[in-house]
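>>> could you work out the structure for the sequence below:
(chains A and B)
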2 protein chains.
Amino acid sequence: MKELKGACIIGQSGGPTSVINASVAGAVETALKNENITKVYGANNGIVGILEDRLFDMGAEDPAELARLRNTPASALGSCRYKLKDSEVDDTDYKRILEIFKKYDVRYFFYNGGNDSMDTCNKVSKYMQKSGYECRIMGIPKTIDNDLFGTDHCPGFASAAKYIATSVAEISRDNKVYDLTSVIIFEIMGRNAGWLAASAALANDCDEGPDLVYLPEVPFSIEQFMSDIKAVSEKKQSIIVAVSEGIRDKDGKFISEYGSDLAQQKDAFGHSQMGGLAATLANMVKAETGFKTRGIELSLLQRCAAHSASQTDVDEAYMAGEAAVLRAVEGNTDMMIGFKRAEGKEYVCETFMLPLTEVANAEKTVPVEWINAEHNNVNEKFMEYALPLIAGEARPEYENGLPRFAKLAKVLAK
Amino acid sequence: MKELKGACIIGQSGGPTSVINASVAGAVETALKNENITKVYGANNGIVGILEDRLFDMGAEDPAELARLRNTPASALGSCRYKLKDSEVDDTDYKRILEIFKKYDVRYFFYNGGNDSMDTCNKVSKYMQKSGYECRIMGIPKTIDNDLFGTDHCPGFASAAKYIATSVAEISRDNKVYDLTSVIIFEIMGRNAGWLAASAALANDCDEGPDLVYLPEVPFSIEQFMSDIKAVSEKKQSIIVAVSEGIRDKDGKFISEYGSDLAQQKDAFGHSQMGGLAATLANMVKAETGFKTRGIELSLLQRCAAHSASQTDVDEAYMAGEAAVLRAVEGNTDMMIGFKRAEGKEYVCETFMLPLTEVANAEKTVPVEWINAEHNNVNEKFMEYALPLIAGEARPEYENGLPRFAKLAKVLAK
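So this is what the prediction gives:
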């Protein structure tokens, strides 16, 4: 191990999650205690905050507020969706980053994000190597979409999954109260990977799961969907459906685009058909079957419901931030922290490192073997994979009946 | 007190809530212990279950499952939206109800519901009096809408309010992560009464509340709304708006109907404008200002989120069910249990009784004095009223990371 002394920067990027701040808490608290790290900065709005010289002095924060980050949703440091150009094409941004790193003697850079953020992290890492500026760079994974390559799962996914399965279980109860056939269609995030829609099926573990689940990994057919609904309706009155926002037909056309086509038609009452994917499908089912239908879009709720987070997820997100700092101080760089399951029957999650180059821009989808033969649900393999991840209930402190989230001082570094 | 021995029926009616089963638990557990009550029945699907002779033997239930009803959302006995005709016009249903009451020697009838259910309860009560059949009849209030006349508040409202305020607080955090102006519009239940949309403002208590709140109690103007949004955007980037689904313009036209009109127009990209009220307003704001916008409909989530219920609400819902049985056994009839606040600074909730005739079909809306002069938010009076109601966090048991709700045996009475 070669000792390297200097400051560190921690940044957050991409869409927030319920536990992305737990990773920041893990990284910041670990870095503040480390002898080799002279100063701990938080980048305001990710890489943009570095380019614009907006760094927070994390050592100036109240430790009690840092501790509250574990249960505070959304990116407390601010996020961005800024894409770095290839340094061969335009190295303006890279020069500026290097300038800021030198200005603050930054020798450690931790970037907390999903696919695009790991691409940014990888590019910065490669540029620093080329420039001969010694800086250890580590990616900390996060994404509710769970689509990062090489890691068993991603921090953020499990809390979204727990919220989705809980909401499906609750609404499934609600949908049974009247003596009539009623179809509820949940629209769940996930453009290319169906991990979150699949998570609705976890509610089957408490007998309140969806009857039908459709993922973007396999083609969706309206005809088959109608036939599936009718088949379920012959057995029961309450029908629960979960669909990924990204489901596509066999020609690759998003089903959500069917909505705009339909909007130009009128229903029997002269109203235009309206709405997003869930509403579009609900309207179609109603027109075809006459059943009571309702579309529910879980929208942003699913990615920031810290009040119903998975304790396993919170702990692992913290562990990922902590591991990034410890591994970097030990001499590693150019890596992302990943998760793997320890051997044995009990679920135990361990961290490991994988090269940023391998992770950047690769996408992990739900294995087709985890989807049933009819392509309208997931099977036991998915349940075995996902159930341990949602174990335990993490909750913020409450004050006057409402969550008391972290309030950071956000003191700008000079 | 005149002693009356006989069986009782408990029924649930109208839209479910997170705590309507807590009232059933209170009534059933109290009735099972009472010496004057010989048998405890649950009506399957409310009054319809009585008409169709579908009564559950509640004494056959596992007490542990009955206890779990406190934290189980939706109507465990099943609900209905059946409107009894006036008995002067058609007394078929009433004769049938009397027949069933006689068959099972029913001397106590408890009906758990909102406005329409209290109307049903009142009609049955008056008919039994007219028939000379001795049966004590009590209404147990429930409605997330909080619009029942004569009671300080209704069981079910506070848990919905807590869920709404919590979700608004979480999404408010999420909406701040990017360095751009972003408008989120929440569509919240409440056709004529704005209690639930007003509850979004409770999140102000943790500094994450909405900037603008619009209730159906005062007229809504699109022009004023746009002007309000622009005024807020001059001060901050994250803009949170809460609207009742029932907001209307000065001519009484629902703003939600503006959507169908708009759906026939096309936006700059040739797409039709689509969606419910939240999406309609979000599209309008985007077209007018260019800001990033998103509409979020809280839909059924707000009425069944038992995982985030108010402990105060759960306790009071239980107390209302318990009080209905105790007051009836004491000799009272033809009443609804209401809530009032005890004198003094501390919040203490007490039950009292008010005549069913007074409650039936009357509707309580948010006092206009609790709405600010600009008609775009509520004031401190609403906060003082509602904050004590959401105190305490009630939660179901969890098994494998998911809620373990009550599973009733539902043994049909012979």
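
>>> residue A:94 against residue A:84, yeah?
Yes - contact criterion Cβ atoms under 8 Å: residue A:94 and residue A:84 qualify, at 7.4 Å. C-beta here means a position set from N, CA and C on the backbone, and glycine is covered the same way.

>>> who touches both of these two?
Residues within reach of residue A:94 and of residue A:84 at once, by Cβ atoms under 8 Å, 6 or more residues apart in numbering or on different chains, are A:123-124.

>>> how many neighbours does residue A:62 have?
Neighbours of residue A:62 under the rule other Cβ atoms under 10 Å in any protein chain shown: 12.

>>> who's in contact with it?
Residue A:62 neighbours (Cβ under 8 Å, 6+ apart): residue A:409.

>>> ok, it to residue A:410 distance?
Noted for residue A:62: a distance of 12 Å to residue A:410, by Cβ to Cβ, to the nearest Å.

>>> ok, now residue A:79?
Distance, residue A:79 to residue A:410, using Cβ to Cβ: 14 Å.

>>> what residues does the stretch 1-150 of chain A put near chain B?
For the stretch 1-150 of chain A, the residues in contact with chain B (Cβ under 8 Å from any Cβ of the partner chain) are A:12, A:16, A:45, A:48, A:72-75, A:78-81.

>>> of the residues you listed, closest to residue A:352?
residue A:12 (22.2 Å; Cβ to Cβ).

>>> in the sheet, who's paired with that closest one?
Residue A:12 has these beta-bridge partners by DSSP bridges: residue A:112.

>>> burial count for it?
Per other Cβ under 10 Å, the neighbour tally for residue A:12 reads 31.

>>> list the buried residues in whichever strand or helix holds residue A:64.
Using DSSP states H and E, residue A:64 sits in helix A:63-68. Using 16 or more other Cβ atoms under 10 Å in any protein chain shown as the test for burial, helix A:63-68 gives A:65-66, A:68.

>>> strands along the stretch 251-400 of chain A, start to end?
A:292-297, A:309-310, A:335-341, A:349-355, A:393-394, A:398-399 (DSSP state E, counting those that start in this stretch).

>>> for chain B, which of these is the nearest?
With Cβ to the nearest Cβ as the criterion, chain B lies closest to strand A:292-297 of the strands of the stretch 251-400 of chain A, at 4.8 Å.

>>> and the closest one, C-alpha only, in PDB?
Below are the C-alpha coordinates for strand A:292-297, written out as PDB (Å, rounded to 0.1, in the frame of the first residue of the first chain):
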ATOM      1  CA  LYS A 292     -64.000  -1.200 -13.800                       C
ATOM      2  CA  THR A 293     -60.400  -0.200 -14.400                       C
ATOM      3  CA  ARG A 294     -57.800   2.300 -13.000                       C
ATOM      4  CA  GLY A 295     -54.300   3.100 -13.900                       C
ATOM      5  CA  ILE A 296     -51.900   4.100 -11.200                       C
ATOM      6  CA  GLU A 297     -48.500   5.600 -12.000                       C
END
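
>>> and it, which strands flank it?
strand A:182-188 (parallel).

>>> and the contacts of the partner strand?
Here strand A:182-188 makes contact (Cβ under 8 Å, 6+ apart) with A:164, A:167-168, A:171-172, A:175, A:196-197, A:199-200, A:210, A:229, A:237-245, A:276-278, A:281-282, A:285, A:289, A:291-298, A:302, B:300.

>>> and it, average pLDDT?
Throughout strand A:182-188, pLDDT has a mean value of 98.

>>> how far out from the middle of the chain is that strand?
21 Å (Cα atoms, centre = their mean, to the nearest Å).

>>> tell me who's in contact with the closest residue to residue A:233 other than its chain neighbours.
Among residues not flanking residue A:233 along the chain, residue A:181 sits closest, at 5.5 Å (Cβ to Cβ, 6 or more residues apart in numbering or on different chains). Counting by Cβ under 8 Å, 6+ apart, residue A:181 makes contact with A:233, A:237-239, A:289, A:291-292.

>>> out of the residues you listed, who has the most neighbours?
Going by other Cβ under 10 Å, residue A:239 tops those with 26 neighbours.

>>> wait, it touches residue A:232, no?
Yes - counting by Cβ under 8 Å, residue A:232 is a contact partner of residue A:239 at 5.1 Å.

>>> quickly list what's touching both of those two.
Shared contacts of residue A:239 and residue A:232, defined by Cβ under 8 Å, 6+ apart, are found at A:211-212.

>>> which one's more surrounded, residue A:79 and residue A:410?
Between residue A:79 and residue A:410, residue A:79 has the larger neighbour count (other Cβ under 10 Å), namely 29 against 16.

>>> verify the stated contact: the more buried one with residue A:47.
No - using Cβ under 8 Å, residue A:79 is not in contact with residue A:47; the gap is 10.1 Å.

>>> what residues are shared contacts of these two?
Contact with both residue A:79 and residue A:47 is made by residues residue A:13, according to Cβ under 8 Å, 6+ apart.

>>> the stretch 1-150 of chain A: strands as residue ranges?
Along the stretch 1-150 of chain A, the segments classed as strands by DSSP E, counting those that start in this stretch run A:6-12, A:37-43, A:55-57, A:106-113, A:136-141.

>>> any chance of those strands in JSON lines, with mean pLDDT too?
Conversion of the strands of the stretch 1-150 of chain A to JSON lines gives the following (pLDDT from 0 to 100):
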{"stretch": "strand A:6-12", "mean pLDDT": "98"}
{"stretch": "strand A:37-43", "mean pLDDT": "98"}
{"stretch": "strand A:55-57", "mean pLDDT": "98"}
{"stretch": "strand A:106-113", "mean pLDDT": "98"}
{"stretch": "strand A:136-141", "mean pLDDT": "98"}
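
>>> quick check: the farthest pair among the contacts of residue A:181?
A:238 and A:289 (14.2 Å).

>>> run the chain-centre distance for stretch A:15-24.
On Cα atoms, centre = their mean, the centre of stretch A:15-24 falls 9 Å from that of its chain.

>>> may I have that stretch exported as PDB, CA atoms only?
The C-alpha trace of stretch A:15-24 is given here as PDB (Å, rounded to 0.1, in the frame of the first residue of the first chain):
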ATOM      1  CA  GLY A  15     -31.800  10.400 -10.500                       C
ATOM      2  CA  PRO A  16     -31.900  10.300  -6.700                       C
ATOM      3  CA  THR A  17     -33.000   7.300  -4.600                       C
ATOM      4  CA  SER A  18     -34.200   6.800  -1.000                       C
ATOM      5  CA  VAL A  19     -30.700   5.700   0.100                       C
ATOM      6  CA  ILE A  20     -28.200   7.600  -2.100                       C
ATOM      7  CA  ASN A  21     -27.500   9.800   0.900                       C
ATOM      8  CA  ALA A  22     -26.700   6.800   3.000                       C
ATOM      9  CA  SER A  23     -23.800   6.100   0.700                       C
ATOM     10  CA  VAL A  24     -22.700   9.700   1.100                       C
END
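
>>> where does chain A have low pLDDT?
Within chain A, the stretches with pLDDT under 70 are A:1, A:259-275.

>>> go with 50
A:264-274 (pLDDT under 50).

>>> could you pull out the helices for it?
A:20-33, A:46-51, A:63-68, A:92-103, A:115-131, A:157-174, A:195-199, A:222-233, A:258-263, A:277-289, A:301-304, A:311-329, A:356-359, A:380-386 (DSSP state H).

>>> can you list the ones you listed in a markdown table and add distance to residue B:105?
Output for those, formatted as a markdown table (distance: least, Cβ to Cβ, whole Å):
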| stretch | distance to residue B:105 |
| --- | --- |
| helix A:20-33 | 59 |
| helix A:46-51 | 71 |
| helix A:63-68 | 58 |
| helix A:92-103 | 83 |
| helix A:115-131 | 68 |
| helix A:157-174 | 32 |
| helix A:195-199 | 50 |
| helix A:222-233 | 39 |
| helix A:258-263 | 56 |
| helix A:277-289 | 43 |
| helix A:301-304 | 49 |
| helix A:311-329 | 51 |
| helix A:356-359 | 72 |
| helix A:380-386 | 48 |
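
>>> all good on my end, thank you.
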